[in-house]
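J.: 3D model of this:
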Amino acid sequence: MQASRTARQKLMEWVRRYLPCEIAGTVGELGGAAVAYWLTGSMAAAAITATVGASAGYYAAAYANAVRWAYREYNDRPAVTRLVVANLFAFRSVAIEFGPAELIDSIAIRPLAYLFGPMIFDNVAAGWVFAKLVSDIGFYALAIFSYERFNGLLAGRGQTIEEVDGESVPAVAAA
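T.: Presented below is the predicted three-dimensional model:
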């Protein structure tokens, strides 16, 4: 029973962390693909635009969340310093958590899935849904690995902040 509760808690932690980003990325991805395809009639243009739209939407939300989480962690600093440190910490967090996943996803998985998905299903909409699912499975497998592996270096990691010589671990790591 304890293992299932722990697995459920872990799943909910990931959902809380990634769902807002996923919603923003999906709007950018499918919206961008639809507009590009409507304007050009090209699957290649739609695939590239879907990839860019997914990244823009996803990382706008991820970065905003990371800044918000980091800003809370540095409440003992003056406002301007707090904002600068929160932005630097957020940038580092997003790069560590999502960098490898985004590189592999944007260069290979997502564009190929959006290009070949409609060909496999002989239907643009069904192919794009397939592409979205395949891309997200690959992306989240890599992103969750990074999140779990480098948890102590990330903003908003859903854990209590440990103390090291009177400083929080993120503050020590950022110094």
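
J.: Pretty sure Pro118 sits against Gly127.
T.: Yes: Pro118 lies in contact with Gly127 (C-beta atoms under 8 Å); the separation is 3.0 Å. All C-beta spots, glycine's among them, are computed from the backbone N, C-alpha and C.

J.: Please enumerate residues in contact with stretch 53-72?
T.: 17, 20-33, 82-83, 85-87, 89-91, 93-94, 97-98, 102, 106, 110, 135, 154-156, 170 (C-beta atoms under 8 Å, 6 or more residues apart in numbering).

J.: buried subset of these?
T.: Neighbour counting by 16 or more other C-beta atoms under 10 Å classes 17, 21-22, 24-30, 32-33, 82, 85-86, 89-90, 93-94, 97-98, 102, 106, 110, 135, 154-156, 170 among these as buried.

J.: Filter those down to the ones in helices?
T.: The helices, defined by DSSP state H, take in 17, 21-22, 24-30, 32-33, 82, 85-86, 89-90, 93-94, 97-98, 102, 110, 135, 170 from the buried ones among the contacts of stretch 53-72.

J.: Torsion angles phi and psi at Ser42?
T.: Dihedral angles of Ser42 (phi, psi; degrees, to the nearest 10) stand at phi -110, psi 130.

J.: out of everything not next to it in sequence, what's closest to it?
T.: Closest residue to Ser42 apart from its sequence neighbours, by C-beta to C-beta, 6 or more residues apart in numbering: Ala36 at 7.4 Å.

J.: Which is the succeeding secondary structure element to whichever helix or strand that neighbour is part of?
T.: Secondary structure assigned from DSSP states H and E places Ala36 in helix 2-40. Next along the chain after helix 2-40, taking DSSP H and E as the criterion, comes helix 43-73.

J.: quick one: buried residues of that following helix?
T.: Quick answer for helix 43-73 (16+ other C-beta under 10 Å): 43, 45-59, 61-63, 65-67, 69-71, 73.

J.: Just the angle for that helix relative to helix 2-40, thanks.
T.: Using axes from the mean of the first three to the mean of the last three C-alpha atoms, to 10 degrees, the direction of helix 43-73 lies 130 degrees away from that of helix 2-40.

J.: Now do helix 43-73, average pLDDT.
T.: Regarding helix 43-73, the rounded mean pLDDT is 91.

J.: what does stretch 141-161 give?
T.: Mean pLDDT, stretch 141-161: 78.

J.: quick one on the thing from earlier: could you report the neighbour count for the residue nearest to Ser42?
T.: Residues near Ala36, counting by other C-beta atoms under 10 Å, number 21.
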